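[1] Fold the stuff below for me.
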Amino acid sequence: MEKIAREQAEPRTDTLVWGKNAVTELLKSGGAVDTVYLADSLPQPVAGYYTALAKQTGAVVKRVPGHKLQKICGTDDHQGVAARAAEVQYASLEDLFAAAEAKSEAPFLVLCDGVEDPHNLGAIIRSAYLCGAHGVVIPKRGGVGVTGTVMKSSAGAAARLPVARVSNLAQAIRAIKEHNIFVYCADLGGAPLAKTDLSGPVALVLGSEGGGPSALTRKLCDAAVTLEMAPGQSTGVDSYNVSVAAGILCYDVLRRRTAKK
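    Here you go, the predicted structure:
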């Protein structure tokens, strides 16, 4: 388990980030940035703002035509701003435990078991960050990594919240449990959220968009929690979107922790 907990940090393969909020958070996070791309159509005050931020990190600023920026990002949803991070790294599982310890807080982790949509992963990271989680855990295989789309969808939260990418999610869950962290799986058939106590050291596991958590993941979790729906609303639509479910569950953890202070 020690080997899993201290798994070496791994460089992200996609370090291009785009969108105003995502680039702002990346630059403010203090992470290494090589280049900031600004569309030549950006108003001067906006361009000046990003230029000033880039100078603080030592990044090179390049003004480029809008069509070139679209080609660089592979999308026209760049808002005129993009940045290429330099050797941005994933955290290790041990880093997440250390983050909780540094704040003298009970660990609060979010695990994604096969989340494939980058927009969903970005939204999950955003909710986890805003609700005080100490980190997010994703698998190396069977799910999306932190890409530019994820960074933008997280509104830059992925540049601030540690994300650990592990070789084996099952072993990661076992390592988390060895740290006396109670692991809850969001799954149909679990106990209603209203009757589930998410206070204390907790890890929330969210499954894939289509099939939910894997059978092994369900077996390893200490308990399952289900988000109830209004009566008569289950026909044709039987579950919440995974990022919506993550937001609800993360907020419940925040609410319970805030109430105890």
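[2] ok, and the closest non-adjacent residue to V36?
    A54 (4.3 Å; C-beta to C-beta, 6 or more residues apart in numbering). Glycine gets a C-beta too; all of them are placed from N, C-alpha and C.
[3] State whether the one you found and K62 are indeed in contact, as I suppose.
    No. Using C-beta atoms under 8 Å, A54 is not in contact with K62; the gap is 9.8 Å.
[4] which neighbours do these two share?
    V36 (C-beta atoms under 8 Å, 6 or more residues apart in numbering).
[5] Settle it for me: which of these two has more neighbours?
    Using other C-beta atoms under 10 Å, the more surrounded residue of A54 and K62 is A54, with 20 against 16.
[6] give the contact list for the more buried one.
    L27, V33, V36, V60, V61, A83 are the contacts of A54 under C-beta under 8 Å, 6+ apart.
[7] got it, and A59?
    Shown in contact with A59 (C-beta under 8 Å, 6+ apart): L27, V33, D34, T35, V36, A83.
[8] confidence score at the fourth one?
    Reading off the confidence values, T35 has pLDDT 86.
[9] Around it, count how many other residues there are.
    T35: 16 surrounding residues under other C-beta under 10 Å.
[10] From V17, how far out is it?
    Plainly put, T35 is 11 Å away from V17 if you go by C-beta to C-beta, to the nearest Å.
[11] Quickly list what's touching both of these two.
    Joint contacts of T35 and V17 (C-beta under 8 Å, 6+ apart) are A83, R84.
[12] coming back round to it: sitting in strands, which of the contacts of A54 do you find?
    V33, V36, V60, V61, A83 (DSSP state E).
[13] The third one: neighbour count?
    V60 is flanked by 12 other residues according to other C-beta under 10 Å.
[14] one step back: secondary structure element holding the residue nearest to V36?
    Mapping A54 onto the secondary structure by DSSP states H and E places it in helix 44-57.
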